[in-house]
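> Return a 3D structure for these sequence lines:
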Amino acid sequence: MSATDKMKNAVQDVEGKAKEAVGRATGDHSKEAEGRTDQAKSDLKDAGEKVKDAFKH
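Residues are numbered from 1 along each chain as shown. So this is what the prediction gives:
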């Protein structure tokens, strides 16, 4: 996994956590769900990158 990919995934995860927290604080359930979705996407990208790395080595 390249450093750039790691950073992009980390940023997406942090943004997702922030959206979820804002949504929870304001009672905006769609914003909260959007944050959880962003976090899940980040996790899936990380998993995909790890699989690609496993086959490289």
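> Just to check, Thr37 is in contact with Gly16?
Yes. Here Thr37 reaches Gly16: they are 7.2 Å apart, a contact under C-beta atoms under 8 Å. C-beta coordinates here come from the backbone N, C-alpha and C atoms, glycine included.
> Of those two, give the one with the bigger neighbour count.
Neighbours were tallied for Thr37 and for Gly16 using other C-beta atoms under 10 Å; the higher tally belongs to Gly16 (20 against 13).
> Quick check: the gap between the more buried one and Phe55.
With distances taken as C-beta to C-beta, to the nearest Å, Gly16 is found 27 Å from Phe55.
> quick one: buried residues of the lengthiest helix in the chain?
Longest helix of the chain, by residue count under DSSP state H: helix 29-56. Neighbour-count burial for helix 29-56 flags 31-32, 34-35, 38-39, 42, 45-46 (criterion: 16 or more other C-beta atoms under 10 Å).
> Tabulate the residues you listed (CSV), appending pLDDT.
Below are the buried residues of helix 29-56 laid out as CSV (pLDDT from 0 to 100):
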residue, pLDDT
Lys31, 97
Glu32, 97
Glu34, 97
Gly35, 97
Asp38, 96
Gln39, 96
Ser42, 95
Lys45, 92
Asp46, 91
